[in-house]
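>>> Dropping the sequence and predicted coords here.
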Amino acid sequence: MPTINPYTISPADYRSDFTTQENQGVVYVTSNLLAEAAGLLHVFTTRHGGVSQGPQASLNLDHKKDSNANVRENHLRLAAALGYAPEAMVSTHQIHSDVIREAQAADAGLHLEGPTPYECDALVTNQPGRPLIAYAADCIPILLYAPATANNQAAVAAVHAGWRGTQQDIAAKTVQRMQQLYGINPADCLAAIGPGIDLCCFSTHADVLQAMQQAFGPEVQAFSQPDAMAEKNGETGKFLVNLKAINAWRLQTAGLRPANIAISPECTCCLPEKYWSHRFTKGERGGQAAVISLLS
């Protein structure tokens, strides 16, 4: 991997243009960067456009605290709005790991009946018409697209990067897996880092920062700062950590060009009416998702 100095990285190095859209009552967000790619479908969902009630209202796509009937209907509505076959979708079953799975034909549609029997936090495929989905509610959703070249077919990935997955370098490892399986060139790869908890709200104790330092070295401190508000309130030893920026940095070290990385400026914890936030709701919430698919 190339050496990238995080102290020289500026937010201006990355794209930040995302667009909120609505179709058939389903509200979702797209990255303008990925929208420029031909033959590609992608979205980051919001909490609007489904049938779930209470803390899961309304487009909840996560099975944890909702009925299977509601979750199934929400997936069907999302598929209808975006124009893909719901039974073709392959879903993660997330455990905050660095487990990456190549989506199989036998995996398709299992999410409509409940959590999948396998566990993973990232999915990859080079098969058109096989949408991938990963879930989030403060954790960082990442969508990857490698275009076809003379040497390889196009490929995509959907990644769930909580702080544990970030510390385990799941974003960079997913790029590496796409190289191994499909021969993609990371320099051609596009990445959209979707809505998730931002530096403003991800206040942690020192153990999170220490875990990042153990994984990546002292340079990772460039993406953290002491939590002045916590200190003012009498809580010492807390830090604000920028998970989106750490993942973008790790994607660069995997070979992506800064101009090919987009980071959503939206913080899920700051926008609880638009997105679910595990931290804001203290766990009483649904889950939004990131979806990507090759169309041809």
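Sure thing, it's come through. Numbers count the residues shown, from 1 in each chain.

>>> Now the residue lying farthest from the centre of the chain, what are its backbone angles?
Using C-alpha atoms, centre = their mean, the residue of the chain lying farthest from its centre is Gly234. It sits 33.4 Å away. When quoted as degrees, to the nearest 10, the phi and psi of Gly234 stand at phi 90, psi 10.

>>> cool, and the one 3 residues further on?
Note on Gly237: its backbone torsions stand at phi 70, psi 30 [degrees, to the nearest 10].

>>> so it touches Asp207, yeah?
No: using C-beta atoms under 8 Å, Gly237 is not in contact with Asp207, being 9.8 Å away. (Glycine included, C-beta is placed from N, CA and C.)

>>> Quick check: the gap between the residue farthest from the centre of the chain and Asp227.
Distance from Gly234 to Asp227, counting by C-beta to C-beta, to the nearest Å: 12 Å.

>>> Kindly report the same for Ser67.
Relative to Asp227, Ser67 is positioned 38 Å away (C-beta to C-beta).

>>> now do Met89
For Met89, the distance to Asp227 - C-beta to C-beta - is 39 Å.

>>> neighbour count winner among the two?
Of the pair Met89 and Asp227, Met89 is the one with more neighbours under other C-beta atoms under 10 Å, namely 24 against 20.

>>> Contacts only, for that one.
The contact partners of Met89, by C-beta atoms under 8 Å, 6 or more residues apart in numbering, come to His75, Ala79, Ala108, Gly109, His111, Leu112, Pro131, Leu132, Ile133, Val291.

>>> So which of these sit within strands?
Of these, the ones assigned to strands by DSSP state E are Leu132, Ile133, Val291.

>>> Out of those residues, grab the one that's most surrounded.
Leu132 (28 neighbours).

>>> Skipping adjacent residues, who's closest to that residue in space?
Leaving aside its sequence neighbours, Leu132 sits nearest to Ala158 (C-beta to C-beta, 6 or more residues apart in numbering; 4.0 Å).

>>> what do you get for His48?
Nearest one to His48, counting by C-beta to C-beta, 6+ apart, is Val27 at 4.0 Å.

>>> do the same with Ser293
Closest residue in space to Ser293, ignoring its immediate chain neighbours: Pro131 at 3.7 Å, by C-beta to C-beta, 6+ apart.

>>> show me the contacts for the one you found.
Residues near Pro131 by C-beta under 8 Å, 6+ apart: Leu41, Tyr84, Ala88, Met89, Val90, Val291, Ile292, Ser293.

>>> Equivalent analysis for Ile100, please.
Remark: with contacts taken as C-beta under 8 Å, 6+ apart, Ile100 is in contact with Cys120, Asp121, Ala122, Leu123, Val124, Ala157, Ile170, Lys173, Thr174, Arg177.

>>> now, the most widely separated pair of the residues you listed?
Greatest spacing in those, by C-beta to C-beta: Leu123 and Lys173 (12.9 Å).

>>> which of these two has more neighbours?
Per other C-beta under 10 Å, whichever of Leu123 and Lys173 has more neighbours is Leu123, with 26 against 18.

>>> Could you tell me whether the more buried one really is in a strand?
Yes: Leu123: assigned to a strand according to DSSP: H, G, I helix; E, B strand; the rest coil.

>>> Starting from the helix-or-strand element of the chain with minimal mean pLDDT, tell me the next helix or strand along the chain.
Lowest on mean pLDDT, DSSP states H and E among the helices and strands of the chain sits helix 228-232, with a mean of 91. Where DSSP states H and E defines the elements, the next helix or strand beyond helix 228-232 is strand 238-241.

>>> Tell me the helices and strands packed up against that next one.
If you count contacts as 3 or more C-beta pairs under 8 Å, 6 or more residues apart in numbering; DSSP states H and E, strand 238-241 packs onto strand 203-205, helix 206-216, strand 224-226.

>>> quick one: strands adjacent to that strand?
Applying DSSP bridges, strand 238-241 is found paired with strand 203-205 (antiparallel), strand 224-226 (antiparallel).

>>> Out of those, which one sits most buried?
Stretch with highest mean neighbour count among those: strand 203-205 (a mean of 17; mean count of other C-beta atoms under 10 Å).

>>> in the stretch 51-200 of the chain, which spans are strands?
90-91, 100-102, 122-125, 132-136, 140-146, 155-161, 190-193 (DSSP state E, counting those that start in this stretch).

>>> Save the ones you listed as TSV, and put in distance to Ala248 and mean pLDDT too.
As requested, these are exported to TSV (distance: least, C-beta to C-beta, whole Å; pLDDT from 0 to 100):
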stretch	distance to Ala248	mean pLDDT
strand 90-91	25	98
strand 100-102	19	98
strand 122-125	16	98
strand 132-136	16	98
strand 140-146	9	98
strand 155-161	11	98
strand 190-193	6	98
